[in-house]
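1. Predicted model and sequence below, questions to follow.
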Amino acid sequence: MNTYILGIESSCDDTSAAVLQNDMLLSNVIAGQEVHRSFGGVVPELASRAHQQNIIPVIDAAIKKANITKNDLSAVAFTQGPGLLGSLLVGISFAKAFALGLNIPLIEVDHLNAHILAHFVRLPQPPDGIPQKPAPVFPFLCLTVSGGHTQLVLVHGDEEMEIIGQTIDDAAGETFDKAAKIMGLPYPGGPVIDRLAKEGDPKKFTFAKPRIAGLDFSFSGLKTSILYFIRDELKKDEAFIEKNKTDLCASIQASIIDILLKKVVSAAKATGIRQVAVAGGVSANSALRKALLDAGEKHGWDVFIPPFQFTTDNAAMIAMAGYFKFNKGEFGSQNATPYARKK
Ligand code: KG4
Ligand code: ZN
């Protein structure tokens, strides 16, 4: 018998709903929130209000697009955390009411685990025109890089995730966003830097490199180095950013990727694991994707790059994490409360 899981994601500024038939994606609807753009970052209060407006139309669209009715659903999986509490509450409240109304189980999902489990979602059509490769096999290594997190995770199972390295200060996505802000580029800066970097020289400018032992990351030194360098250059030439925009983007991007890649290489060596995956919003970065594939060839890894639609926040990954738990009979309760930070 088929299992139909409705996934609901509302941890930050994207309201998303998806339906899976077992591990096959039937729909994945995402409503972004333009309202934050002029503030240069996500405004929590505005995010929860926008989720409240979006949630019903997004869920309705996901169920219709999946070509099922709500009565076909086997369970409702929702993001419990980490994330913005006011945003999470919108998704959780809806999920509780919907599951109660349909008399089906609720499933609590951790957002970061779900980013990694996105690799297990099967697509009816080849993603991005490339045939979908089989999912990784446990255990594998995953670099999770998003706006709020940068972690190296040893993935033993769908819930057995061992963090073997993480940032001690800023996250990789945050570094992209802050660098973009320094250059006067719009939020979120990651995709903008990615696009402009394609025209630039990644070796034109060099910035401070962190010296952090082990598998942890640090990005605050790089951020300060970018800030001071640009500030000094602007004193000499007011048009410095405008004249060097693409080279700045390419050089900043190359520095971030260099920091990430070095630790992935160390982690693969330390664990002896040769399956390497990447997850989270920054895994949409074209240069990071290429750098990982190149490193895979060099070091003999099997590299797993997610389809674009599963890189930034989406509910397909939430439904997938829900499907794993559904098969184990691990259900949540009406008492579930959101959490802001990783449990
Ligand atoms: O996973 P995500 O959608 O939300 C969080 O859970 O944080 O990640 C958002 C982050 C933002 O910092 C954004 O700038 C970054 O992912 N991002 C990118 C790209 N697309 C999104 N960073 C670099 N290159 C991209 N193409
Ligand atoms: Zn995320």
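-> That came through fine. Residues are numbered from 1 along each chain as shown. Ligands and ions are numbered 1, 2, ... in the order given.

2. pLDDT-wise, which helix or strand of this structure ranks last?
-> Using mean pLDDT, DSSP states H and E, the weakest-scoring helix or strand in the chain turns out to be helix 44-65, at a mean of 92.

3. And it, how far out from the chain middle?
-> Relative to the chain's own centre, helix 44-65 is displaced by 19 Å; criterion: CA atoms, centre = their mean, to the nearest Å.

4. which residues in the stretch 1-150 of the chain form strands?
-> Ranges of strands within the stretch 1-150 of the chain are 4-9, 15-21, 24-31, 75-81, 106-110, 140-145, 150-155, based on DSSP state E, counting those that start in this stretch.

5. so which of the ones you listed comes closest to residue 272?
-> strand 140-145 (10.0 Å; CB to CB). The way it works is simple: take the backbone N, C-alpha and C, and place the C-beta from them, glycine included.

6. what helices or strands is that closest one leaning on?
-> For strand 140-145, the packing partners by 3 or more CB pairs under 8 Å, 6 or more residues apart in numbering; DSSP states H and E come out as helix 111-117, strand 150-155, helix 240-271, strand 275-279.

7. Out of the strands of the stretch 1-150 of the chain, flag the one nearest ligand 1.
-> Proximity to ligand 1 (CB to the nearest ligand atom) singles out strand 140-145 among those, at 7.5 Å.

8. Got phi/psi on residue 302?
-> phi -100, psi 110 (degrees, to the nearest 10).

9. before we move on, the earlier item: got the helices and strands packed on strand 140-145 as TSV, with distance to ligand 2, mean pLDDT and mean neighbour count columns?
-> What follows is the helices and strands packed on strand 140-145, written out as TSV (distance: least, CB to the ion, whole Å; pLDDT from 0 to 100; neighbours: other CB atoms under 10 Å):
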stretch	distance to ligand 2	mean pLDDT	mean neighbour count
helix 111-117	6	97	27
strand 150-155	12	98	25
helix 240-271	16	98	19
strand 275-279	9	98	24
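
10. Which one of the ones you listed lies nearest to residue 341?
-> helix 111-117 (10.5 Å).

11. hang on, residue 113 packs against residue 321?
-> Yes. Here residue 113 reaches residue 321: they are 5.7 Å apart, a contact under CB atoms under 8 Å.

12. Overlap in contacts, the two.
-> residue 158 (CB atoms under 8 Å, 6 or more residues apart in numbering).

13. For the residue positioned nearest the centre of the chain, which non-adjacent residue is closest in space?
-> Centroid-nearest residue in the chain, with CA atoms, centre = their mean: residue 280, separated by 2.2 Å. Distances taken as CB to CB, 6 or more residues apart in numbering put residue 146 closest to residue 280, at 3.5 Å, once the chain neighbours are dropped.

14. How about residue 71?
-> residue 102 is the one closest to residue 71 (CB to CB, 6+ apart), at 7.0 Å.

15. what's the answer for residue 63, then?
-> In space, residue 63 is closest to residue 70, 5.8 Å off (CB to CB, 6+ apart).

16. ok, now how distant is the one you found from residue 17?
-> 11 Å (CB to CB, to the nearest Å).

17. Tell me the residues of the stretch 1-150 of the chain that contact ligand 2?
-> residue 146 (CB under 5 Å from the ion).

18. In the stretch 1-150 of the chain, what residue comes closest to ligand 2?
-> residue 146 (4.4 Å; CB to the ion).

19. Could you give the number of residues near that residue?
-> For residue 146, the neighbour count with other CB atoms under 10 Å is 24.

20. re the thing from before, so for the residue nearest to residue 71, what pLDDT did the model give?
-> Note on residue 102: pLDDT of 98.

21. State whether it and residue 70 are indeed in contact, as I suppose.
-> Yes. Applying CB under 8 Å, one finds residue 102 in contact with residue 70, separated by 6.2 Å.

22. Name the nearest residue to residue 295, ignoring sequence neighbours.
-> residue 261 (6.1 Å).

23. Let me see the contact set for that neighbour.
-> With CB under 8 Å, 6+ apart, residue 261 has these contacts: 291, 292, 295.

24. With residue 32 instead?
-> Per CB under 8 Å, 6+ apart, neighbours of residue 32: 13, 14.

25. what do you get for residue 299?
-> 265, 268, 274.

26. Switch these over to TSV; also include distance to residue 131.
-> Formatted as TSV, the contacts of residue 299 follow (distance: CB to CB, whole Å):
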residue	distance to residue 131
265	27
268	25
274	21
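
27. Out of those residues, which is nearest to ligand 1?
-> residue 265 (20.2 Å).

28. what's the distance between the closest one and residue 35?
-> Residue 265 is 40 Å from residue 35, by CB to CB.

29. Please apply the same query to residue 228.
-> 32 Å.
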